[in-house]
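[1] Provided below for reference: sequence and predicted model.
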Amino acid sequence: IPAPRPQAPQPYGAQPPGGYGYPGAQQPGQPGQPFGGQPQPGQPYGGQPQQAQAPQTQQQPPPASDFSPFWFAVPVPRPLFAEDGSQTTIAELAPGTWYLAVEQRGPGLVAQTQDGRRGVLQDTSGIQRG
């Protein structure tokens, strides 16, 4: 069995070569902040992650309940209504596609589609949680 080749020792405190799992490593196709909001090099542990360059839209505050977002699918096509309480249909949820439930609103769910639109699913009967 050939002996393993020794690797050149790295100076104390040197950053390992860029690779998977290191906070400063940028993976191809991930400009900006790495997944998970890890602190960037030079920031103290627990510091605020750098903000993304794109302007962020103001999100509604989280509900006071203990609701946890979850993925779900519908058994049959279902309309997704506007969040303002009107009966305006903003999208139709299709079977075989996963949607994200982000909030409980009365008996319905506030769902988010893949393109980022949000609306209220009033008929939650028979949905499959993922």
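    Now that the structure is in, tell me what you want to look at. Numbers count the residues shown, from 1 in each chain.

[2] hey, let's count contacts and neighbours off CA atoms from now on
    Will do.

[3] quick one: low-confidence parts of this protein?
    1-65 (pLDDT under 70).

[4] look through it and tell me its longest strand.
    In the chain, assigned by DSSP state E, the strand with the most residues is strand 99-105.

[5] what residues does that strand touch?
    Strand 99-105 is contacted from outside by 63, 67-73, 109-114, 120, using Cα atoms under 8 Å, 6 or more residues apart in numbering.

[6] ok, the residues you listed vs Pro95, which is closest?
    Ala73 (6.3 Å; Cα to Cα).

[7] tally of neighbours for the residue nearest to Ala91 when sequence neighbours are not counted?
    Closest residue to Ala91 apart from its sequence neighbours, by Cα to Cα, 6 or more residues apart in numbering: Leu80 at 5.1 Å. By the criterion of other Cα atoms under 10 Å, Leu80 has 25 neighbours.
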